[in-house]
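Undergrad: Build the 3D model from these lines:
(chains A and B)
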Amino acid sequence: MKQSQIRVLIAKPGLDGHDRGAKVIARALRDAGFEVIYTGIRQTPQMIAEAALQEDVDVVGLSILSGAHMTLCPKVVELLHAQGQEDVLVLLGGIIPDEDAAQLKAAGVHAVFGPGTTSTEIIAFIRSAMAGG
Amino acid sequence: MPKPVPTEQLIDYLLRGDRLALARAISRVEDDAGAAARIVKAVFAHTGQAHLIGITGAPGTGKSTLVSALVESYRANGDTVGVLAVDPTSPFSGGALLGDRVRMTSHSGDAGVFIRSMATRWGTGGLAKASADALLLLDAAGFDRVLVETVGAGQAEIEIARIADSVVVVEAPGLGDEVQAIKAGLLEIADIFAVNKADRRGAARTVAALEMMLETGGAAAQTVIHHGQRMETGAAESDTEAEDGWSIPVLKTIAVSGGGVAQLRDALDRHREWLGESGARATRERMRLDHMLQTLVQAEMLARMERTLSPGLRSDLVDLMQRRKTDPYSAAADVIKKLSG
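TA: This next block holds a predicted model:
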């Protein structure tokens, strides 16, 4: 009998402490039937990668409002790849300029969600990606 | 470790201490009963070494913070620690919000610590069905101490007593009157009490209430005042002092600052020594293994019933019951006859 569950890590890297958005998403994903591991604020890329490994997650969702996304996100991706988790879906939420988003996608971030994104869109994106889409 | 790897190879990596292999193996025992059987078969001979410690108590008593402080204390002593933190699955969505890591971030970067969150997924008694298997994996991976934090438990969540060597029941002052504590089934499974948040008002009273409860013969039948009314608490199934030579300590802890945590660690060490010397460790292990056996056989029998019985037959039996042509016991006997025939 198999009952595989999608596991998602929600983390807030960097120094800003505004975790309302991250918490709202965490709850929405739980209500969509995902197992959400919430790690809290002020996480370093190393802490996030380590938690992603121990929790064997399918998805890492990063919420960044501090403007430090160009250094933090590629570092998380790099660490995940280095530890054998190349297949983990990396998502970013925050206020991210378009040109940054393009660069981040080139660096291995799978999707960038800006202000106004509904949780339904994010859930649909994760479901489709997990189904191999 | 390359990936994806077949289960057999995963086990080799796990036994060599590969952390990603351990993480993936836990997922497999959670997701897939067939894989769980293959994995546990392969690692079982390597288990039985770790000190399995259960941490349970009501929501808000500070279990996660206490686990984190205990991990720190063990690390300072040179012991490696695996943690399994269980949180409830939502019965509505099937999803879960696992937040225990928030209180355990200080161990990041320490290769001697491995923390895993687990949703209950319809397991009962404050644990997941896969919790016992996950403990075996953490044990086989070589951790000296394996801590299991249950969901915020009330009075019936006592499964932890079946899978841990030592059970710490965490209480906190100000969570309703002490009578709540006295009538709870949780009390009967405690090897050690930790009154956490002991810097708060009312801690001494909570300690006194627990000590009095222990002195007056455990959770045996007694009359207490509850909401101004006299009421009888149920007689305990087993006396908390029934196991010779272990007197249950009531300790004060302040997990956020680490206060009292060294004493808790010492008490756990004493308990483990006592388990070994008194023979209780072997007795408890036998109970644990017997329980696992029973659980697995039940699950297999259920699965067999699902496979063997056509939905039509079941529906027919329900029809007969509804029309009072047969009764639930006779219908069940019919089903059993079909299964064994």
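Undergrad: C-alpha only now, for contacts and for neighbours.
TA: Will do.
Undergrad: nearest residue to the closest residue to chain A within the stretch 101-250 of chain B other than its sequence neighbours?
TA: Ranking the residues of the stretch 101-250 of chain B by distance to chain A (CA to the nearest CA) places residue B:102 first, at 4.8 Å. Distances taken as CA to CA, 6 or more residues apart in numbering or on different chains put residue A:39 closest to residue B:102, at 4.8 Å, once the chain neighbours are dropped.
Undergrad: Phi, psi for the one you found please.
TA: Dihedral pair for residue A:39: phi -110, psi -10, per degrees, to the nearest 10.
Undergrad: and the end-to-end length of stretch B:90-102?
TA: 19 Å (CA to CA, to the nearest Å).
Undergrad: so how far is it off the chain centroid?
TA: 17 Å (CA atoms, centre = their mean, to the nearest Å).
Undergrad: any idea how far residue B:22 is from residue B:16?
TA: 10 Å.
Undergrad: actually residue B:303, sorry about that
TA: In terms of CA to CA, residue B:303 sits 27 Å off from residue B:22.
Undergrad: all helices for chain A, in order.
TA: A:20-31, A:45-54, A:69-82, A:98-106, A:119-130 (DSSP state H).
Undergrad: buried ones in the longest one?
TA: By neighbour count, and taking 16 or more other CA atoms under 10 Å in any protein chain shown as the criterion, the buried residues in helix A:69-82 are A:69, A:72, A:73, A:74, A:75, A:76, A:77, A:78, A:79, A:80.
Undergrad: do the same with the fourth one
TA: Along helix A:98-106, these residues count as buried under the neighbour rule (16+ other CA under 10 Å): A:101, A:104, A:105.
Undergrad: and whichever residue of chain B sits closest to chain A, how many residues sit next to it?
TA: Using CA to the nearest CA, the closest approach of chain B to chain A is made by residue B:95 at 3.6 Å. Residues lying near residue B:95 (other CA atoms under 10 Å in any protein chain shown) number 26.
Undergrad: check contacts around it.
TA: A:29, A:30, A:31, A:32, A:33, A:34, A:35, A:36, B:89 (CA atoms under 8 Å, 6 or more residues apart in numbering or on different chains).
Undergrad: likewise residue A:18?
TA: Counted by CA under 8 Å, 6+ apart, residue A:18 has contacts A:41, A:65.
Undergrad: next one: residue B:55
TA: Residue B:55 touches B:63, B:67, B:147, B:148, B:149, B:150, B:167, B:168, B:169, B:170, counting by CA under 8 Å, 6+ apart.
Undergrad: bridging residues for the most centrally placed residue in chain A?
TA: Nearest to the mean C-alpha position of chain A, by CA atoms, centre = their mean, lies residue A:61 at 1.3 Å. Beta bridges link residue A:61 to residue A:10, residue A:91, judged by DSSP bridges.
Undergrad: what sits against it?
TA: Neighbouring residues of residue A:61 by CA under 8 Å, 6+ apart: A:8, A:9, A:10, A:11, A:90, A:91, A:92, A:93.
Undergrad: Neighbours of the fourth one, how many?
TA: Applying other CA under 10 Å, we find 30 residues neighbouring residue A:11.
Undergrad: Neighbours of residue B:287, how many?
TA: 14.
Undergrad: no, scratch that, I was asking about residue A:36
TA: For residue A:36, using other CA under 10 Å, the count is 29.
Undergrad: show me the residues around the residue most central in space within chain B that make contact.
TA: The centroid of chain B falls nearest to residue B:160 when counting by CA atoms, centre = their mean (2.7 Å). Each residue near residue B:160 by CA under 8 Å, 6+ apart is listed here: B:54, B:56, B:125, B:126, B:127, B:150, B:167.
Undergrad: Check whether the fourth one really touches residue B:161, as I assumed.
TA: No: with contact taken as CA atoms under 8 Å, residue B:126 and residue B:161 are classed as non-touching, separated by 10.8 Å.
Undergrad: returning to what we had before: name the residues contacting each of residue B:16 and residue B:22.
TA: Common neighbours of residue B:16 and residue B:22 (CA under 8 Å, 6+ apart) are residue B:141.
Undergrad: Of these two, give the one with the bigger neighbour count.
TA: The neighbour comparison of residue B:16 against residue B:22 (other CA under 10 Å) goes to residue B:22, with 27 against 14.
Undergrad: Could you check which helix or strand contains the more buried one?
TA: Here residue B:22 is covered by helix B:19-31, with elements defined by DSSP states H and E.
Undergrad: Give me the helices and strands touching that helix, please.
TA: helix A:45-54, helix B:7-15, helix B:33-43, helix B:131-140 (3 or more CA pairs under 8 Å, 6 or more residues apart in numbering or on different chains; DSSP states H and E).
Undergrad: at 10 Å instead, please
TA: helix A:45-54, helix B:7-15, helix B:33-43, strand B:113-119, helix B:131-140 (3 or more CA pairs under 10 Å, 6 or more residues apart in numbering or on different chains; DSSP states H and E).
Undergrad: can you give me the angle that helix makes with strand B:113-119?
TA: Here the directions of helix B:19-31 and strand B:113-119 differ by 20 degrees (axes from the mean of the first three to the mean of the last three CA atoms, to 10 degrees).
Undergrad: between the contacts of residue B:95, which is closest to residue B:31?
TA: Taking CA to CA as the measure, residue B:31 lies nearest residue A:35 of the contacts of residue B:95, at 12.5 Å.
Undergrad: any idea how far that closest one lies from residue B:303?
TA: For residue A:35 relative to residue B:303 (CA to CA), the value is 25 Å.
Undergrad: ditto for residue A:90
TA: For residue A:90, the distance to residue B:303 - CA to CA - is 37 Å.
Undergrad: Please apply the same query to residue B:191.
TA: Taken as CA to CA, the span from residue B:191 to residue B:303 is 36 Å.
Undergrad: low pLDDT regions in chain B?
TA: Scanning chain B for pLDDT under 70 picks out B:1-4, B:154-156, B:176-184, B:217-243, B:341.
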